[in-house]
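K.L.:
pasting the sequence and the predicted model now:
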Amino acid sequence: MRFTGMLVSLAVSLLAFVNVADAGDMKWRASRVLVGADANSGPDERTCGPQMVRRFNVEIKGNVVRRRASSGAPIDLKLLDPLNPDGSGKVRALNSKNREVILTFDAGDGPRTIRYTAPYSVCTWAWVPV
């Protein structure tokens, strides 16, 4: 009996750990806007690189944020930290190369602005719902 109780407790703990960053399931269309860069250079495409795709789909499913342009493959970002109860938060995520990026979510439970800072970059882009 004691062993069964321990197994149930372990299973519940593992499920809680797996869903620690669960942001809920939702999907919306977004536009990308450069919102920040190095203070010396200012936010511009010379510093942060040209962006060919301005509109794309954003999908949150469990602890994965997926960005997909109509002309390309999806880019998945795995959330490492939980969001706040109001849906906001500054969280770490891993990109496809296992590099850490920072995502900052505005409060809400539906389409909302997400700010993205790439690894080793001074540039921040906002994904604004359209």
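P.N.:
Great, that's in hand.
K.L.:
what number of residues lie near residue 72?
P.N.:
11 (other C-beta atoms under 10 Å). Where you see a C-beta, it was placed from the backbone N, CA and C, and this is true even at glycine.
K.L.:
doesn't it lie inside a strand?
P.N.:
No - going by DSSP: H, G, I helix; E, B strand; the rest coil, the assignment for residue 72 is coil, not a strand.
K.L.:
so what's it scoring on pLDDT?
P.N.:
Here the pLDDT value assigned to residue 72 is 81.
K.L.:
look up phi and psi at it.
P.N.:
Dihedral pair for residue 72: phi -140, psi 180, per degrees, to the nearest 10.
K.L.:
ok, now how distant is it from residue 66?
P.N.:
Distance, residue 72 to residue 66, using C-beta to C-beta, to the nearest Å: 12 Å.
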